[in-house]
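Trainee: Build me a model from this:
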Amino acid sequence: MKKLIVFDMDGVLVDVSCSYRDVTRKAAYIFLKDCHGGELLPEPMFGFDELAEVKQRGGLNNDWDMTYHVISMLLTMADTDSAERENWDVTGLASFLKDTPRPLAALLKKGKLSDAAVRYYSGDVGSGNVIKQIFQEIYLGQELFRKTYSIDASYFKCPGYILKEKLFVNADILKALAEDNILAVATGRPRDEALYPLEKNGLDMFSCIMSLDECAEAERLELERTGKKVSFAKPSPFMLDTLAEKYPGLEYIYAGDVGDDMIAAKSSRYGYKAVGIVYSAPDRNISRDSLLKCGADILAEDPEELLDLR
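Mentor: Numbering: from 1, shown residues only. This next block holds a predicted model:
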């Protein structure tokens, strides 16, 4: 039977360890470095493997949410009695980061969050959302940030980390999969940021792309219709169900690298086979356990194994 093979993008098609993942580390540092004692903060403040553990826990719709979540974890070790972040004291945080092995993982085990940064994660870029703006400036770089938001960068004025992205899956593998099947993408990226690596690498074999933009528009329409706020980001199966409705009567497969991807596949009413991507994980044992726990039907340890999906 012909198949619809849907891919998540980050950690599946694209290596984002030096882009999105490193942007989270850099954004957290820039957000905190102007606080009292900020000059004592180590850079980087934590490792990629620790960040992967946070992401594998699930419930974070995108990398902006993950960055805010990480900052909220870090701030549990700071003095944030003042309303203004410039007056926060991060001296204790700096000591904790330097003296504690795998400090972010240690904070994750504690399970505590500070709400001090809430006011800096509301609105949008250019209208009060400082954390998202810092993230986007680092990721996009000055020129692309200005083109996207029609404002100048304020916090980061170097080349964007988007330029560091590389493919995990080469074009030959994707072309082979597309010979007798339909390929699609379901990602938490904004549409323009999803198109960028595909166009840059000449990957024109994807018939449809579902992105954050489609989720946001569907959420807006649902709010208008029912008066209720909903989330159609993963682990919601919204993107997968929408793709299956577009291509009826096929066998459905979804490849993702975190538990929320597996949950989305298994909760879809179209019976998606869930493929857990392990090859991008900093700690493959943790990744395997998390993916299988969340419903992965099979695991892919190497991009070449995706050819078995044909």
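
Trainee: immediately after whatever helix or strand residue 4 lives in, which helix or strand?
Mentor: Per DSSP states H and E: residue 4 is located in strand 3-7. Sequence-wise, the next helix or strand downstream of strand 3-7 (DSSP H and E) is strand 14-15.

Trainee: Residues contacting that next one, please?
Mentor: The contact list for strand 14-15 (C-beta atoms under 8 Å, 6 or more residues apart in numbering) reads 165, 166, 167, 168, 197, 280. To be clear about C-beta, it is placed using only N, CA and C from the backbone, and glycine gets the same treatment.

Trainee: Could you give the number of residues near residue 131?
Mentor: For residue 131, the count of nearby residues is 23 (other C-beta atoms under 10 Å).

Trainee: so what pLDDT did it get?
Mentor: Reported pLDDT at residue 131 in the predicted model: 98.

Trainee: do the same with the one 5 residues further on
Mentor: Predicted confidence (pLDDT) for residue 136: 98.

Trainee: picking that back up, other SSEs contacting the strand holding residue 4?
Mentor: Strand 3-7 sits against strand 182-186, helix 238-246, strand 251-256, with contacts defined as 3 or more C-beta pairs under 8 Å, 6 or more residues apart in numbering; DSSP states H and E.

Trainee: Let me have those in JSON lines, adding mean pLDDT, distance to residue 212 and mean neighbour count as columns.
Mentor: Below are the helices and strands packed on strand 3-7 laid out as JSON lines (pLDDT from 0 to 100; distance: least, C-beta to C-beta, whole Å; neighbours: other C-beta atoms under 10 Å):
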{"stretch": "strand 182-186", "mean pLDDT": "98", "distance to residue 212": "10", "mean neighbour count": "22"}
{"stretch": "helix 238-246", "mean pLDDT": "98", "distance to residue 212": "10", "mean neighbour count": "20"}
{"stretch": "strand 251-256", "mean pLDDT": "98", "distance to residue 212": "15", "mean neighbour count": "23"}
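
Trainee: Pipe those into JSON lines and attach distance to residue 79 per row.
Mentor: Converted to JSON lines, those look like this (distance: least, C-beta to C-beta, whole Å):
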{"stretch": "strand 182-186", "distance to residue 79": "42"}
{"stretch": "helix 238-246", "distance to residue 79": "41"}
{"stretch": "strand 251-256", "distance to residue 79": "39"}
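
Trainee: Of all those, which one is nearest residue 55?
Mentor: Minimum separation from residue 55 across the helices and strands packed on strand 3-7 (C-beta to C-beta) falls at strand 251-256, 11.5 Å.

Trainee: Give the partner strands of that closest one in its sheet and their orientations.
Mentor: Paired strands of strand 251-256, with direction, are strand 3-7 (parallel), strand 273-277 (parallel) (DSSP bridges).

Trainee: now the ones you listed in a markdown table, with mean neighbour count and distance to residue 220?
Mentor: Shown next, in a markdown table, are these (neighbours: other C-beta atoms under 10 Å; distance: least, C-beta to C-beta, whole Å):
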| stretch | mean neighbour count | distance to residue 220 |
| --- | --- | --- |
| strand 3-7 | 24 | 23 |
| strand 273-277 | 24 | 29 |
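
Trainee: Minimum distance to residue 82: which of those has it?
Mentor: Among the strands paired with strand 251-256, the nearest to residue 82 by C-beta to C-beta is strand 273-277 (43.0 Å).
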